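K.L.:
model the structure of this input:
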Amino acid sequence: MSRAHDDLVNEIMLFICENGGCCTQVDTPGLLFTRAGQPVKIGTKGVLDIEATIRGRSVKIDAKIGKDRLRTEQIKYANAVERAGGIAFAARSVEDVANRLRMEGLL
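P.N.:
Purely as a prediction, here's the structure:
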């Protein structure tokens, strides 16, 4: 993750909290090694950067910088969230988040 990406994630999270939501940053999947040197994969591929609850709705947001796009696994995850009644999307700015939340009637 770049500093610009981390800054965007933090700005979005602050915006959500300031507007009555509750959110957390999701750790990305990775590879760890046991003391015995065995590799262990952690996390779930495709999860988005931010998980939030706003007015009782589940909201998942992935912060994107530059030309970055949702990966195939992220699209599948976002579609599953939407099928379950939640909201999932990519955002390049806090304004993108505000616009989507307004569209959903959450702001």
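K.L.:
how near is the nearest residue to Val47 once chain neighbours are set aside to Leu107?
P.N.:
Excluding its sequence neighbours, the residue lying closest to Val47 (Cβ to Cβ, 6 or more residues apart in numbering) is Val26, at 5.1 Å. For every residue, glycine as well, the C-beta is placed using N, CA and C. From Val26 over to Leu107 the distance is 22 Å, taken as Cβ to Cβ, to the nearest Å.
K.L.:
picking that back up, could I get the phi/psi values of the residue nearest to Val47?
P.N.:
phi -100, psi 130 (degrees, to the nearest 10).
K.L.:
show residues contacting the longest strand belonging to the chain.
P.N.:
Secondary structure of the chain per DSSP state E: the longest strand is strand 57-63. With contact meaning Cβ atoms under 8 Å, 6 or more residues apart in numbering, strand 57-63 is reached by 5, 8-9, 12, 16, 21, 23, 47-53, 70, 74, 77-78, 81, 84-92, 97, 101, 104, 106.
K.L.:
and if you look at stretch 30-49?
P.N.:
With contact meaning Cβ under 8 Å, 6+ apart, stretch 30-49 is reached by 9, 25-29, 60-63, 71, 73-78, 88, 90.
K.L.:
all helices for the chain, in order.
P.N.:
Assigned by DSSP state H, the chain shows helices spanning 3-18, 72-83, 94-103.
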